[in-house]
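Participant: Structure here, sequence nowhere to be found:
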């Protein structure tokens, strides 16, 4: 790995830059939404995941050296997810709705966004889609009740409302990617967030690809394991990132859907952990490891996994971490090449099959 390189400032302001070219979603492009450095990281994740599958390699290492590592792990994970969604068969019409039976969905009814569990789908467009919306009964103020009244209190049962949705509204039915309490249903503040996410689905389609929304919210694949500064990564997931054309902002969390968050428990795609000594993980999981003082131990723990190692040249332990990667490369078992188009000069990559 290079130890000296021109250090270019990488900040959120770079997101405002407009891409000069659009290579199409088939190669991991973000559809002119992100800046060149962010585009390069998404493409690297996409290309790495594609190379792993096409060449059936299970223990490849991709080392990336860049000025600083903010947002790098999440953008790489987004690229891996883009590759996975590109293989998913898009479902349309009644086929899409049949696949959602038994799951919680959002839908429009007379201009109001509602959330319920999809129960039944007809065989043709002449029928109705049946959705069960749970309505929780109001609970009394227990502080105003005496001890005896509390003992005698019997909680009311939830009342379920069946909605028969006509075909003109079927296009508004979308998976929400999580489960709710059947007795109380979806809280109002969660319904409001789900409604906002549904309105922003066009941005998700540009980043991930058309027809990928169902896969994003229903997939049960092994999550990508990200090991790094957890507090910083959690903050980056919630960050409002300006789009390149200043038409709005986006958050990475609805696409990456981290494990450990109740909202995304049913469809998580990443797991974020602190940069401490790793435990062995499922060999099917791709690991993204931020370089640090425990990097050597973490490389040993992830020897059964395909992995990406991120080295920031501004990190205090950069020289030591770079030497560890060099040693791993010198002891590689064979070559493994990741061909990515137009990687910026300040980003350097090294790929190999590790022992």
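Facilitator: Structure's in. What do you need? On a predicted model such as this, the values are computed, not experimentally measured, just so you know.

Participant: so residue 166 makes contact with residue 128?
Facilitator: Yes. With contact defined as C-beta atoms under 8 Å, residue 166 counts as touching residue 128 (6.3 Å). C-beta here means a position set from N, CA and C on the backbone, and glycine is covered the same way.

Participant: okay, the two: which has more neighbours?
Facilitator: Neighbour totals were compared for residue 166 and residue 128, and residue 128 leads with 17 against 11 (other C-beta atoms under 10 Å).

Participant: just checking, that one touches residue 122?
Facilitator: Yes. Between residue 128 and residue 122 there is a contact under C-beta under 8 Å: 6.5 Å.

Participant: surely residue 272 meets residue 223?
Facilitator: No. With contact defined as C-beta under 8 Å, residue 272 does not reach residue 223; the gap is 9.3 Å.

Participant: what touches both of these two?
Facilitator: Shared contacts of residue 272 and residue 223 (C-beta atoms under 8 Å, 6 or more residues apart in numbering): residue 259.

Participant: So between the two, which is more surrounded?
Facilitator: Taking neighbours as other C-beta under 10 Å, residue 272 and residue 223 compare with residue 272 leading, 27 against 23.

Participant: A helix includes that one, no?
Facilitator: No. With DSSP: H, G, I helix; E, B strand; the rest coil as the criterion, residue 272 is assigned strand and is not in a helix.

Participant: Quick check: bridge partners of it?
Facilitator: residue 226 (DSSP bridges).

Participant: Identify the residues contacting it.
Facilitator: So residue 272 contacts 226, 228, 230, 233-234, 237, 258-260 (C-beta under 8 Å, 6+ apart).

Participant: Now, the residues you listed that are in strands?
Facilitator: Judged by DSSP state E, the subset of the contacts of residue 272 located in strands is 226, 228.

Participant: tell me which of the contacts of residue 272 is nearest to residue 141?
Facilitator: residue 260 (32.9 Å; C-beta to C-beta).

Participant: Double-check the closest one against residue 273; I have them as touching.
Facilitator: No. Using C-beta under 8 Å, residue 260 makes no contact with residue 273, being 9.4 Å away.

Participant: And these two? Which one has more around it.
Facilitator: residue 273 (17 against 13).

Participant: Quick check: that one vs residue 52, distance?
Facilitator: Per C-beta to C-beta, to the nearest Å, residue 273 is found 21 Å from residue 52.

Participant: where along the stretch 51-200 of the chain do the helices fall?
Facilitator: 72-87, 93-99, 147-152, 188-199 (DSSP state H, counting those that start in this stretch).

Participant: Could you chop this structure up by domain?
Facilitator: 12-88+221-353, 93-213 (automatic domain parsing).

Participant: buried ones in stretch 324-341?
Facilitator: Using 16 or more other C-beta atoms under 10 Å as the test for burial, stretch 324-341 gives 324-325, 328, 332, 336, 338, 340.

Participant: With stretch 110-122 instead?
Facilitator: 113-118, 121.

Participant: again, but for stretch 73-91
Facilitator: 73-86, 91.

Participant: Equivalent analysis for stretch 32-39, please.
Facilitator: Quick answer for stretch 32-39 (16+ other C-beta under 10 Å): 33-39.

Participant: could you give the mean pLDDT of that stretch?
Facilitator: For stretch 32-39, mean pLDDT is 80.

Participant: Also stretch 178-192?
Facilitator: Stretch 178-192 comes out with an average pLDDT of 78.

Participant: give me the low-pLDDT residue ranges for the stretch 51-200 of the chain?
Facilitator: 57-58, 89-90, 136-139, 155-159, 196-200 (pLDDT under 70).

Participant: List the contacts of the residue nearest to residue 115 when sequence neighbours are not counted.
Facilitator: Of all residues not flanking residue 115 in the chain, residue 186 sits nearest, at 3.9 Å (C-beta to C-beta, 6 or more residues apart in numbering). Applying C-beta under 8 Å, 6+ apart to residue 186 gives the contacts 104, 115-116, 134, 176, 180, 194.

Participant: Distance check, residue 186 against residue 265.
Facilitator: Distance from residue 186 to residue 265, by C-beta to C-beta: 14 Å.

Participant: can you redo the buried residues of stretch 110-122 as JSON lines with distance to residue 152?
Facilitator: Formatted as JSON lines, the buried residues of stretch 110-122 follow (distance: C-beta to C-beta, whole Å):
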{"residue": "113", "distance to residue 152": "38"}
{"residue": "114", "distance to residue 152": "35"}
{"residue": "115", "distance to residue 152": "33"}
{"residue": "116", "distance to residue 152": "33"}
{"residue": "117", "distance to residue 152": "32"}
{"residue": "118", "distance to residue 152": "38"}
{"residue": "121", "distance to residue 152": "44"}
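
Participant: Fine by me, we can end here.
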